[in-house]
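1. give me the fold of what follows.
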Amino acid sequence: MTSSAPKAKEWAEEYKRLDQLSLNLSAPSETLIRCFKGDYVPGIPRDFSKMRVLDVGCGNGNNTIFLCRLGLEVFGTEIDQGICDGVKADIKAAGHTLNVKVGTNCALPFEDNFFDFLVSWNVLHYENTEAGIQAGIAEYARVLKPGGRIFISSTGPEHRILEGARTVDAHVYEITRDDDFRKGERFFYFDSPNYIHYYFDPKFDDVLVGRTHDHLFTSTLDWWIITGRKKA
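-> Reported below is the predicted structural model:
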């Protein structure tokens, strides 16, 4: 966890609150499903057996269970042991196995060149400095095999979380929404695809940038979708 992220205890309490209210995400991201099962990513395999994936910041496991169902050997990280224990139990109850450990973007507790895929879904932007972003991307590359692929979702510049946000530095914004427990935290946002390439191209080949943008009546949800292969 970096200095920008809410404390692990706060995250654990938030997951408990959402669970009690039945508001925890219960289904995988449709965009992630399309990335793995659609024809949108050139060269994506159809047989995932004997391959490993790391789900960074796996939360309550809504994406993790999908990765398990693909036949991948699935590993995960979270910033609190209680969150790790909870998601591991839920995945086990669903008939699958998850190796989950406490870890952060910049400190993944796995060896070099270990994974075929790495999924980071709305996690990387908790780094609140350029150095933190670069360290997180380098750590992602470290644990991937040469040619291993990232799938990343990161909040886009029109997302509702930025409404009223205070600009702190280049790409860095402080959340000011009273209805969000992360109020006061600083997030790093990629303001355009050019910046995504600037930060990812040194470590990854064939970087592709997509975007999902939903306007749901009163609010806009906006995410960058990033994929690329670790340089050999």
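2. specify the local secondary structure of D214.
-> What DSSP: H, G, I helix; E, B strand; the rest coil gives for D214 is strand.
3. residue contacts, it?
-> Going by Cβ atoms under 8 Å, 6 or more residues apart in numbering, D214 touches 220-222. Glycine gets a C-beta too; all of them are placed from N, C-alpha and C.
4. mind checking which of those land in strands?
-> If you go by DSSP state E, the contacts of D214 have 220-222 in strands.
5. only the buried subset of those, as a PyMOL command please.
-> In PyMOL syntax, the buried subset of these is picked out as below (16 or more other Cβ atoms under 10 Å):
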select buried, resi 220+222
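6. for the ones in strands among the contacts of D214, give me CSV that also has pLDDT and distance to A141.
-> Output for the ones in strands among the contacts of D214, formatted as CSV (pLDDT from 0 to 100; distance: Cβ to Cβ, whole Å):
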residue, pLDDT, distance to A141
T220, 97, 31
L221, 97, 28
D222, 98, 26
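7. of the ones in strands among the contacts of D214, closest to G82?
-> Nearest to G82, judged by Cβ to Cβ, of the ones in strands among the contacts of D214 is L221 at 28.1 Å.
8. isn't that closest one up against L162?
-> No - using Cβ atoms under 8 Å, L221 is not in contact with L162; the gap is 11.3 Å.
9. re the thing from before, between the contacts of D214, which is nearest N60?
-> L221 (18.8 Å).
10. that closest one bridge partners, please.
-> Per DSSP bridges, the residues bridged to L221 are D214.
11. what about the helices in this structure?
-> Remark: helices assigned in the chain by DSSP state H are 8-20, 30-37, 64-69, 81-93, 130-143, 193-200.
12. which of those helices sits most buried?
-> Highest mean neighbour count among the helices of the chain (mean count of other Cβ atoms under 10 Å): helix 64-69, with a mean of 22.
13. can you give the distance of the lowest-mean-pLDDT helix or strand in the chain from its chain's centre?
-> Least confident element among the helices and strands of the chain, by mean pLDDT, DSSP states H and E: helix 8-20 (a mean of 81). Here helix 8-20 is found 18 Å from its chain centre; the criterion is Cα atoms, centre = their mean, to the nearest Å.
14. okay, the angle between it and helix 81-93?
-> 40 degrees (axes from the mean of the first three to the mean of the last three Cα atoms, to 10 degrees).
15. which other helices and strands does helix 8-20 contact?
-> helix 81-93 (3 or more Cβ pairs under 8 Å, 6 or more residues apart in numbering; DSSP states H and E).
16. report all helices and strands that the helix it packs on contacts.
-> helix 8-20, helix 64-69, strand 73-78, strand 99-102.
17. can you list the strands that the last one pairs with?
-> Right, the one you point to is strand 99-102. Counting by DSSP bridges, strand 99-102 is paired with strand 73-78 (parallel).
18. skipping adjacent residues, who's closest to L67 in space?
-> V74 (4.9 Å; Cβ to Cβ, 6 or more residues apart in numbering).
19. tell me how far that neighbour lies from R52.
-> 8 Å (Cβ to Cβ, to the nearest Å).
20. looking at the two, which has the bigger crowd around it?
-> V74 (27 against 20; other Cβ atoms under 10 Å).
21. pretty sure that one contacts N63?
-> No - here V74 lies out of contact with N63, judged by Cβ under 8 Å, at a distance of 9.8 Å.
22. where in the chain is pLDDT low?
-> Within the chain, the set of residues satisfying pLDDT under 70 comprises 1-6, 23.
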